[in-house]
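[1] Provided below are the primary sequence and the corresponding predicted coordinates.
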Amino acid sequence: MNPSSGAQSAPQAATADRTWPAVSVVMPVLNEERHLTEAVRGILLQQYPGELELVLAIGPSKDRTEEIAARLATEDPRIVVVANPTGRTPHGLNIAIKASQYSIIVRVDGHSLLPVDYVRAAVETMEETGADNVGGIMAAEGVTAFEQAVARAMTSKIGVGNARFHTGGEAGEVETVYLGTFRRSALERVGGYDETFVRAQDWEMNHRIRQTGGRVYFTPRMRVTYRPRPNLRALAKQYFHTGRWRRVVGREHQGTLNLRYLAPPLAVVAMAVGVVAGAFGFWPGWIVPGGYGAAIVLGAAVEGRGLPVSAWARLPFVFATMHLSWGVGFLTSPPGLGQPTPSKTP
């Protein structure tokens, strides 16, 4: 963290009715050639009355990401580019936060597109609620038929459960939010992102903020367009590793696993037992995997209404990939994953 950039030193912009704090937007970036220019444009076009800077932490990308980031920085002095040698998200976030100047930190990703009122809504919500972190809806939107199917699954309770940042809902305190807008003082209080968490670092960070007396607040006013993975293999990899790392969070922070997180691994176990039993001649064993297959087809028929037929047809496969990949990842999470864990502020 940058100790010289607390709330007292942050410049503020005055308007007719109030004074707006300056904001630092931080973005870890790796292999984002496809979406980076659009994502940066969404930040620079924010209709926010206060000062704003954007810090890009660029990992060792295999595409033209570094070249695009350098060009964007020459076009707008509000952009700062720093290196993230590991390419890992928590490292990039900590590097970008340290390089930033201001007392409010807005976290975004290279494949997230902000509406023009996002930063203003974040600052207003933070000031109204006194929360240490505020966030909104991860509004998945796809371009191709497969991405449209994934987007529908990611905003459906059948696909992701009842997390408000996925499915929407009323404003209020929550366990975690998508991305997040933080008070720098809260990040300093908990020592920043835990860099051992390659995935699930948002949930883990928000848990520590809440454990140290802070509040995490959801508001549907903050809505971020999210671009889903482009194919089944990439989606399976995403959810497999998310399941693995969510189990690491559960091991480190006892009592944080609930039925929503345990449902996919329990389903995988039940279906595996059913398949083995059925294969050995106990026909009722097929009821569980067969029932699951029927359920996701029926669920896709309901949840897919309004989608193009090509996207609708893919939805059952997307549901199954998300559930089973997450469950297998959770079940196969190695005991040593995420170890050793550095000491943190209790």
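    Here it is on my side, so go on.
[2] ok, which stretches of the chain are helices?
    Secondary structure of the chain, counting by DSSP state H: helices at 36-44, 65-75, 89-99, 118-129, 145-154, 157-160, 164-167, 184-190, 201-211, 232-252, 259-279, 287-303, 309-331.
[3] I'd like to know which elements the longest one is packed against.
    I take that to be helix 309-331. helix 145-154, helix 157-160, helix 232-252, helix 259-279, helix 287-303 (3 or more CB pairs under 8 Å, 6 or more residues apart in numbering; DSSP states H and E). C-betas here are computed from N, CA, C, even on glycine.
[4] Contacts for that helix, please.
    Judged by CB atoms under 8 Å, 6 or more residues apart in numbering, the contacts made with helix 309-331 from elsewhere in the structure are 142, 145-146, 148-150, 152-153, 158-160, 232, 235-244, 246-247, 261, 264-269, 293, 296-297, 299-300, 303-304, 307.
[5] Quick check on those: which are buried?
    142, 145-146, 148-150, 152-153, 158-160, 232, 235-236, 238-244, 246-247, 261, 264-265, 267-268, 296, 299-300, 303-304, 307 (16 or more other CB atoms under 10 Å).
[6] For residue 237, list the residues it contacts.
    Contacts for residue 237 were tallied using CB under 8 Å, 6+ apart; they are 229, 325.
[7] My error: substitute residue 57 in the last question.
    With the criterion set at CB under 8 Å, 6+ apart, residue 57 makes contact with 26-29, 82-84, 91-93, 95-96, 99.
[8] would you turn these into JSON lines with neighbour count and pLDDT?
    Putting those into JSON lines (neighbours: other CB atoms under 10 Å; pLDDT from 0 to 100) gives the following:
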{"residue": "26", "neighbour count": "25", "pLDDT": "97"}
{"residue": "27", "neighbour count": "26", "pLDDT": "95"}
{"residue": "28", "neighbour count": "26", "pLDDT": "95"}
{"residue": "29", "neighbour count": "29", "pLDDT": "94"}
{"residue": "82", "neighbour count": "16", "pLDDT": "96"}
{"residue": "83", "neighbour count": "14", "pLDDT": "96"}
{"residue": "84", "neighbour count": "22", "pLDDT": "96"}
{"residue": "91", "neighbour count": "19", "pLDDT": "95"}
{"residue": "92", "neighbour count": "27", "pLDDT": "96"}
{"residue": "93", "neighbour count": "25", "pLDDT": "96"}
{"residue": "95", "neighbour count": "21", "pLDDT": "97"}
{"residue": "96", "neighbour count": "26", "pLDDT": "97"}
{"residue": "99", "neighbour count": "18", "pLDDT": "97"}
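[9] With distance to residue 105 as new columns, can those be given to me in TSV?
    Listed next are those as TSV, based on distance: CB to CB, whole Å:
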residue	distance to residue 105
26	6
27	11
28	13
29	16
82	14
83	19
84	16
91	16
92	13
93	9
95	13
96	9
99	11
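[10] any idea which of these is closest to residue 336?
    The shortest gap between residue 336 and any of the contacts of residue 57 belongs to residue 91, at 19.6 Å (CB to CB).
[11] contacting residues around stretch 79-97?
    Counting contacts by CB under 8 Å, 6+ apart, the residues outside stretch 79-97 that touch it are 1-2, 24, 26-30, 40, 44, 53-61, 69-70, 72-73, 99-100, 105, 107, 184, 187, 192-199, 201.
[12] Can you give me the first-to-last residue distance of it?
    From its first residue to its last, stretch 79-97 covers 14 Å (CA to CA, to the nearest Å).
[13] mind checking how far that stretch is from the chain centre?
    Average the C-alpha atoms of stretch 79-97, do the same for its chain, and the two points are 16 Å apart (CA atoms, centre = their mean, to the nearest Å).
[14] State the mean pLDDT of stretch 31-47.
    Per-residue pLDDT values over stretch 31-47 give a mean of 90.
[15] go on, stretch 60-75?
    Across stretch 60-75, pLDDT averages out at 94.
[16] Just the buried residues of that stretch, please?
    Taking 16+ other CB under 10 Å as the neighbour-count basis, stretch 60-75 is seen to contain the buried residues 61, 65-66, 68-69, 72-73.
[17] do stretch 182-193 as well
    For stretch 182-193, by 16+ other CB under 10 Å, it's 182-184, 186-190, 192-193.
[18] Run through the residues that contact residue 160.
    Contacts for residue 160 (CB under 8 Å, 6+ apart) come out as 153-154, 166-167, 322.
[19] mind checking which of the helices of the chain is nearest residue 111?
    When the helices of the chain are compared by CB to CB, helix 36-44 sits nearest residue 111, at 6.7 Å.
[20] Now do the closest one: which elements does it pack against?
    strand 23-29, strand 52-58, helix 65-75, strand 112-113.
[21] Quick one: closest of those to residue 286.
    Minimum separation from residue 286 across the helices and strands packed on helix 36-44 (CB to CB) falls at strand 112-113, 41.9 Å.
[22] I'd like the distance from the closest one to the chain centre, please.
    Counting by CA atoms, centre = their mean, strand 112-113 is centred 11 Å from the centre of its parent chain.
[23] do stretch 133-149 as well
    The answer for stretch 133-149 is 11 Å, by CA atoms, centre = their mean.
[24] repeat for stretch 200-218
    Mean-position distance between stretch 200-218 and its chain equals 13 Å (CA atoms, centre = their mean).
[25] Endpoints of that stretch, how far apart?
    When the termini of stretch 200-218 are compared using CA to CA, they are 18 Å apart.
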